[in-house]
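sequence below, structure please.
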Amino acid sequence: LDFTGQAPQEDVVERWPDAVHPEDRERCLSRFDAAFAERSTYEVEYRLRRSDGEYRWIFSRATPLFSQAGEFTGYIGSGIDITDRRLAEEALKDADRRKDEFLAMLAHELRNPLAAINNAVQVSLRTGGMEDLEWSKDVIGRQTKHLARLIDDLLDVSRITRGKIELSREWIDLSAIINRAVESVRPLLEEKHHALTMSLAPGSLKLFADPARIEQVLVNLLHNAAKYTDDGGHITLKADQDERVVIAVQDDGVGISANLLPYVFDLFTQADRTIDRSQGGLGIGLTLVKRLVEMHGGTVSAASAGPGKGSEFTVTLPFVREPEEVHSAGDEPASSAPNVSGLRVLVVDDNEDTANGLARLLGASGLRVWTAHDGPSALVLARAERPDVVLMDIGLPGMDGYRVAETLRQDERCQGAMLIAISGYGQEHDRRRSRDAGFDHHLVKPVDFDHLLSLLAPQQSIFPFSPDDLESGTAT
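Got it, this is the predicted structure:
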């Protein structure tokens, strides 16, 4: 045969099984013999060794032929190389398996913080002691941030995959970004009693990049190192600059097995590193790191000597010579808390708990607050009370937030109000629709309350809609 390299004069029936993969041979011969005995057609998929030694998947269909006297005269049939089809089927099965694993993982990761929040609420309701109340507040705040992080990571992966993220590059001092990332991860480092050592090149590390996304890369790498290192471990962060900018995060944690190492940046990959789910996470942090670094024209690599021997992740970014004057990101002094006392605010949300909770927070800050839970009621209250600010959900019953905003902008009694969309929707087209409807800002739930107050400061009056709001960690 041309495929197997067997000579034409050889007895194919006798020699053919030699080229069949050992794991498939018994199954093929069994069907071959049954078809011969029943004088019927057989169909079978199996691996057949090609003349160059490679096994290929074959779909074979053949019928034994017999003379009128009943003598066997041979077979008529065909064999088709279906290797590409089989590989595609296996890839689909693997993708489906990973999808199911991810959905189970997502349910697990969402239930954990929800359970902690529920327990904290029950403790505060049943005990009433100040110590328990403080503990409950800490738990609820911490777990809410954790939920927001999970959702933000999911949305970022979706946006990057569809090419919906654009970098806002500027000249930054990498040292300042590193310090911000460390402060963001510090609670986890302290919780697990890790020692962090930083080794930064002397002088300023200049980089032309998106500061928010580079910080996101560093936070994910540091968070990953802290999470997969046992309590009391050691983490090292190094940054140097020569012809390229190189950042390395090293730990002495659980390490990565050789079979997992090539796939650590693949979407939803966690494998055996956290089979008991004790470490948590969706397995998408490193995917985000890889995509964001590549968007900056850089590369990221992972190295490990094996399980129990720690890991090292190295980010390499292109160096571009900076201009003479460089404005470092994040060096501006923090402003004092804005004075918003006396502002009149209308909160509109069909979820009464959300609306009433935000109203209480605003009231405690000295604002006069009204609440509405549907579009028509919001219009009635806005026309009657003429608020300075309207904080409005988009998905409202009766009339959605876009239509309410458009109507308010056309009403001379409400034209001067600042309109802020506070929504669970944060895609680019959602922000564009908000702007077109007349909103000044678009924030995504859960909102950072301090950031919201800064938007309400009287001296800021009416702001044009700006994507800057979306890089605060409270809106996207």
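
only C-alpha atoms for contact and neighbour calcs from this point on.
Will do.

strands of the stretch 201-350 of the chain, start to end?
206-209, 234-241, 244-251, 299-303, 311-318, 344-348 (DSSP state E, counting those that start in this stretch).

ok, and what's touching the fourth one?
Put plainly, it is strand 299-303. Defining contact as Cα atoms under 8 Å, 6 or more residues apart in numbering, one finds that strand 299-303 is touched by 256, 261, 264, 289-290, 293, 311-317.

from the chain's centroid, how far away is it?
Offset of strand 299-303 from its chain centre (Cα atoms, centre = their mean, to the nearest Å): 19 Å.

what angle separates that strand from strand 311-318?
Relative orientation of strand 299-303 and strand 311-318, computed by axes from the mean of the first three to the mean of the last three Cα atoms, to 10 degrees: 160 degrees.

quick revisit: most tightly packed of the strands of the stretch 201-350 of the chain?
strand 344-348 (a mean of 25; mean count of other Cα atoms under 10 Å).

quick one: buried residues of the very next helix or strand once past that one?
For strand 344-348, the following helix or strand on the C-terminal side (DSSP states H and E) is helix 352-364. By 16 or more other Cα atoms under 10 Å, the buried positions in helix 352-364 come out as 355-356, 358-359, 362-363.

and these, which is closest to residue 143?
residue 358 (18.2 Å; Cα to Cα).

check what pLDDT that closest one gets.
Per-residue pLDDT puts residue 358 at 88.

how about it, what does it touch?
Contacts of residue 358 by Cα under 8 Å, 6+ apart are residue 347.

what ranges do the helices span in the stretch 51-200 of the chain?
83-126, 130-161, 174-191 (DSSP state H, counting those that start in this stretch).

tell me which of those is the most buried.
Highest mean neighbour count among the helices of the stretch 51-200 of the chain (mean count of other Cα under 10 Å): helix 174-191, a mean of 18.

related to what we said a few turns ago, need the strands of the stretch 201-350 of the chain in TSV (columns: distance to residue 222 and mean pLDDT).
TSV is the format used below for the strands of the stretch 201-350 of the chain (distance: least, Cα to Cα, whole Å; pLDDT from 0 to 100):
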stretch	distance to residue 222	mean pLDDT
strand 206-209	19	86
strand 234-241	8	93
strand 244-251	7	93
strand 299-303	14	94
strand 311-318	10	93
strand 344-348	38	93
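
of all those, which lies closest to residue 184?
In terms of Cα to Cα, the element of the strands of the stretch 201-350 of the chain nearest to residue 184 is strand 234-241, at 14.5 Å.

quick revisit: kindly state which of the helices of the stretch 51-200 of the chain is positioned closest to residue 54.
helix 83-126 (11.1 Å).

average pLDDT for the closest one?
78.

which stretches of the stretch 201-350 of the chain aren't confidently modelled?
267-283, 320-340 (pLDDT under 70).

switch to 80 and redo it
202-205, 242-243, 266-285, 319-342 (pLDDT under 80).

now do the helices in it.
Under DSSP H, counting those that start in this stretch, the stretch 201-350 of the chain gives helices at 211-227, 285-295.

closest one to residue 39 among those helices?
Closest among the helices of the stretch 201-350 of the chain, once you apply Cα to Cα, is helix 285-295, at 55.6 Å.

flag every buried residue along the closest one.
By neighbour count on 16+ other Cα under 10 Å, the buried set for helix 285-295 is 285-293, 295.

scan the chain for its longest strand.
In the chain, taking DSSP state E as the definition, the longest strand is strand 55-66.

distance of residue 307 from residue 264?
14 Å (Cα to Cα, to the nearest Å).

just for the stretch 351-476 of the chain, where's the confidence low?
In the stretch 351-476 of the chain, residues with pLDDT under 80: 424-429, 457-476.

can you give me the strands in it?
Using DSSP E, counting those that start in this stretch, strands in the stretch 351-476 of the chain cover 368-372, 389-392, 418-423, 441-444.

tilt between the longest one and strand 344-348?
Computed by the same axes, to 10 degrees, the angle separating strand 418-423 from strand 344-348 equals 30 degrees.

of the buried residues of helix 352-364, closest to residue 380?
Distances from residue 380 to these, taken by Cα to Cα, are shortest for residue 355, at 16.9 Å.

check contacts around the spatially closest residue to that closest one that is not a sequence neighbour.
Of all residues not flanking residue 355 in the chain, residue 349 sits nearest, at 5.4 Å (Cα to Cα, 6 or more residues apart in numbering). Residues near residue 349 by Cα under 8 Å, 6+ apart: 355, 371-374, 392-393, 396.

turn the strands of the stretch 201-350 of the chain into a markdown table, including distance to residue 32.
Rendered in a markdown table, the data for the strands of the stretch 201-350 of the chain read as follows (distance: least, Cα to Cα, whole Å):
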| stretch | distance to residue 32 |
| --- | --- |
| strand 206-209 | 65 |
| strand 234-241 | 61 |
| strand 244-251 | 57 |
| strand 299-303 | 49 |
| strand 311-318 | 52 |
| strand 344-348 | 73 |
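
so for residue 123, which of these sits nearest?
That would be, of the strands of the stretch 201-350 of the chain and by Cα to Cα, strand 344-348, which comes in at 29.0 Å.

in the stretch 351-476 of the chain, which spans are helices?
352-364, 375-385, 401-410, 428-437, 449-456.

so which of those is the most packed in?
With a mean of 20, the top stretch among the helices of the stretch 351-476 of the chain by mean neighbour count (mean count of other Cα under 10 Å) is helix 401-410.

residue 63 - how many residues pack around it?
Neighbour count of residue 63, defined by other Cα atoms under 10 Å: 18.

please begin residue numbering at 737 from this point
I'll keep to 737 as the first residue from here, and by that count the last item is residue 799.

can you give me the neighbour number for the nearest residue to it once chain neighbours are set aside?
Spatial nearest neighbour of residue 799, chain neighbours left out: residue 777 (4.3 Å); criterion: Cα to Cα, 6+ apart. Neighbourhood size, residue 777 [other Cα under 10 Å]: 18.

one more: residue 797?
Neighbours of residue 797 (other Cα under 10 Å): 16.

helix, strand or coil: sort out the closest residue to it other than its chain neighbours for me.
Excluding its sequence neighbours, the residue lying closest to residue 797 (Cα to Cα, 6+ apart) is residue 779, at 4.5 Å. Under DSSP: H, G, I helix; E, B strand; the rest coil, residue 779 falls in the strand class.
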